[in-house]
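Q: Build me a structure from this.
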Amino acid sequence: MNELQKSNRKMTNYRWVITSMLFLATTVNYLDRQVLSLTWVDYIAPEFHWTNNDYGTITSLFSIFYAISMLFAGKLVDWLDTKKGYLWSIGVWSFGAILHAFCGIATSGIVTGNWIFNFEGSREAIAAVSNVSLIVTVSVTLFVFARLILAIGEAGNFPAAIKATAEYFPKKDRALSTGIFNSGAQIGALIAPLTIPFLAKAYGWEMSFIIIGALGFIWMGIWVFVYKKPEKNPSVNALELEYINQDDKVDEVEVKSDQPKKVTYKQAFRHKQTWSFAIGKFMTDGVWWFLLFWIPAYLSSVYGLSSTESSVHIFIVYAISMISIFLGGYLPSYFMEKKKMNPYKGRMKAMFIFALIPVLILFAQPLGQYSVWFPVIIIGLAAMAHQSWSANIFTTVSDMFPKYAVGTITGIGGMAGGVGAFLINKGSGALFDFSEKTNLQFLGFSGIDSGYFIIFCICAFAYLIGWLIMKSLVPKYELIKEM
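A: Model prediction:
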């Protein structure tokens, strides 16, 4: 046995280092998204006189910016490739996250004509202005611009992460890896209520954006040294490389090619698998974004809890959702390995089970009359179901498409999900203000409570409808070898 054979007798596990980096990036991603939702009710809205509709406008436009950016981010990641694409993505979104902190200074300068370059001074200057509509218009516009930069950068996270997973994992392990890095969404959402409201209370809402935003630049410094293609990575030995490429000989050839193939949108939309993934994302992404952006406001509006008081409730929501780290990977693997189903059939069966769980959210408002903990637990289960669903719907892309197309297809689905999120966020803000002003009555609920119950009804059935459409478009496993 030669030295190379000896050194390769034990397989390396560098692919899990990559998963860890993807997990950390996704955690930072969701921390950055959460800063606004956890500070606007107690700090930003009183300063700038925002209503629910103003906040809904900002979050919905973020969603549409994200949607459009996803369409191009996927192709950009395919073009730049994984390492550079991820660096581009996180650098832009971290800059955008920090930019939010300076919206107060810019608002003060624009509405008063006197630029004060410190946070406290700008707050005092805004408080002295009597033209409330001008403050609202200027501040909302500036926050929308900051969200635009954030959305452009964040759009690259999932195409880059899914592409890295396809490069480093065989199909049978991709749901597990995706579930692990996707759990960064829950971890970020879990850490956020325990840190951001207290940072805002201690140092001002502006510093919470700066501190959280700076984390992305730290990640970039590590990624530069950690990521290399598996076949060019000295930390990946021959056994691990063989394991990675065990089930896809076509992609093995692609890895060795100096001229990787590119996919046009015309080629992508020619396949019903693309439409299936996009519709599944459109129907369900908005539910997660609604929970992410509106649950702090829900606990404030319906139960009168401040951002610091509701921190433990929001923590519990995302703590429950952490079950998906295990469930999202285990259930499809069980169907594939124990029941001998092909990857698509096993994943779709698991996704049907996950689609049933959000129906429970219909009971959140009725049971909330007895205790706030009932909706907290039910919303936590819905969040768990979404993340389990999300890990698997992403993995259907790498199951059915060649590696060189993964970033593009993921971007298309992300765009569709962003459009769905735009509709639910904008609609929610307008509905909540309308229901509050008119004391809307709906199935025994009145005022803003009725508004939330209407949105919960939409969330409850979104996954089942999405699953049925996906199944009708792609009833059985069809691998696309060439595009």
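
Q: For the rest of this, base every contact and every neighbour count on C-alpha atoms.
A: Noted.

Q: Now do the buried residues in stretch 267-275.
A: Buried residues in stretch 267-275, counted by 16 or more other CA atoms under 10 Å: Ala268, Gln273, Thr274, Trp275.

Q: Lowest pLDDT pick from the residues you listed?
A: Across those, the member with the lowest pLDDT is Ala268, scoring 88.

Q: which stretches of this protein aren't confidently modelled?
A: 1-8, 247-261, 483 (pLDDT under 70).

Q: and with 50 instead?
A: Where the chain drops to pLDDT under 50, the residues are 1-8, 250-259.

Q: Can you show me the strands along it?
A: Here the chain has its strands, by DSSP state E, at 441-442, 445-446.

Q: closest to Ser371 out of the ones you listed?
A: The closest of the strands of the chain to Ser371 is strand 445-446. By CA to CA, the value is 15.9 Å.

Q: Pull the distance from the closest one to the chain's centre.
A: Chain-centre distance of strand 445-446: 31 Å, with CA atoms, centre = their mean, to the nearest Å.

Q: Give me the contact list for that strand.
A: By CA atoms under 8 Å, 6 or more residues apart in numbering, the list of residues contacting strand 445-446 from outside reads Ser435, Asn439, Leu440, Phe453.

Q: Same question for stretch 127-145.
A: Here stretch 127-145 makes contact (CA under 8 Å, 6+ apart) with 47-50, 54, 58, 61-62, 100, 103-104, 106-107, 110-112, 126.

Q: just stretch 471-482 next, same as before
A: Here stretch 471-482 makes contact (CA under 8 Å, 6+ apart) with 250, 272-273, 275-276, 342-345, 348, 399-402.

Q: Same question for stretch 356-366.
A: The contact list for stretch 356-366 (CA under 8 Å, 6+ apart) reads 374-376, 378-379, 381-382, 385-386, 449, 452-453, 456-457, 459-461, 463-464.

Q: Just the buried subset of those residues, please.
A: Here, 16+ other CA under 10 Å leaves 374-376, 378-379, 381-382, 385-386, 449, 452-453, 456-457, 459-461, 463-464 buried among the contacts of stretch 356-366.

Q: Give the buried subset of the contacts of strand 445-446 as a ChimeraX selection command.
A: Here is the ChimeraX command that selects the buried residues among the contacts of strand 445-446 (16+ other CA under 10 Å):
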select :435,439,440,453
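
Q: Ala45 and Ile90, how far apart?
A: When distance is defined by CA to CA, to the nearest Å, Ala45 is 28 Å away from Ile90.

Q: more crowded one of these two?
A: When Ala45 and Ile90 are compared for neighbours, Ile90 comes out ahead with 28 against 16, by other CA atoms under 10 Å.

Q: For the stretch 101-250 of the chain, which segments count as helices?
A: Ranges of helices in the stretch 101-250 of the chain, per DSSP state H, counting those that start in this stretch, are 103-112, 119-127, 132-154, 157-168, 171-203, 205-226, 238-244, 249-256.

Q: Run through who's touching the shortest one.
A: For helix 238-244, the surrounding residues in contact (CA under 8 Å, 6+ apart) are Asn8, Arg9, Lys10, Met11, Thr12, Asn13, Glu167, Tyr168, Phe169, Pro170, Pro230, Glu231.

Q: still on that earlier bit, which of the contacts of stretch 471-482 ranks first by neighbour count?
A: Busiest of these [other CA under 10 Å] is Asp399, holding 26 neighbours.

Q: and Gly429, how many residues sit next to it?
A: Using other CA under 10 Å, Gly429 has 22 other residues around it.

Q: isn't it right up against Ile58?
A: No: Gly429 lies out of contact with Ile58 (CA atoms under 8 Å); the separation is 9.7 Å.

Q: returning to what we had before: show me the contacts of stretch 471-482 that map onto helices.
A: Among the contacts of stretch 471-482, the residues falling in helices (DSSP state H) are Val250, Lys272, Gln273, Trp275, Ser276, Pro343, Tyr344, Lys345, Met348, Asp399, Met400.

Q: could I get these as JSON lines with distance to Asp78?
A: Listed next are the ones in helices among the contacts of stretch 471-482 as JSON lines, based on distance: CA to CA, whole Å:
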{"residue": "Val250", "distance to Asp78": "17"}
{"residue": "Lys272", "distance to Asp78": "21"}
{"residue": "Gln273", "distance to Asp78": "19"}
{"residue": "Trp275", "distance to Asp78": "20"}
{"residue": "Ser276", "distance to Asp78": "21"}
{"residue": "Pro343", "distance to Asp78": "24"}
{"residue": "Tyr344", "distance to Asp78": "24"}
{"residue": "Lys345", "distance to Asp78": "27"}
{"residue": "Met348", "distance to Asp78": "27"}
{"residue": "Asp399", "distance to Asp78": "17"}
{"residue": "Met400", "distance to Asp78": "17"}
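
Q: ok, which stretches of the stretch 301-450 of the chain are helices?
A: So, for the stretch 301-450 of the chain - with DSSP H, counting those that start in this stretch - the helices run 311-321, 324-337, 343-356, 364-368, 373-400, 406-438, 448-473.

Q: Quick one, which of the ones you listed gets closest to Leu194.
A: helix 311-321 (5.9 Å).

Q: what angle do the closest one and helix 373-400 make?
A: 40 degrees (axes from the mean of the first three to the mean of the last three CA atoms, to 10 degrees).

Q: What are the contacting residues of helix 311-321?
A: For helix 311-321, contacts defined as CA under 8 Å, 6+ apart pick out 186-187, 189-191, 193-194, 197, 295-296, 373, 376-377, 379-385, 387.

Q: For that helix, buried residues please.
A: Neighbour-count burial for helix 311-321, counted by 16+ other CA under 10 Å, picks out Ser311, His313, Ile314, Phe315, Ile316, Val317, Tyr318, Ala319, Ile320, Ser321.

Q: State the pair within these that is farthest apart.
A: Ser311 and Ser321, at 15.5 Å, using CA to CA across the buried residues of helix 311-321.

Q: In TSV, list the strands of the chain along with mean neighbour count and distance to Pro366.
A: Listed next are these as TSV, based on neighbours: other CA atoms under 10 Å; distance: least, CA to CA, whole Å:
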stretch	mean neighbour count	distance to Pro366
strand 441-442	14	12
strand 445-446	17	9
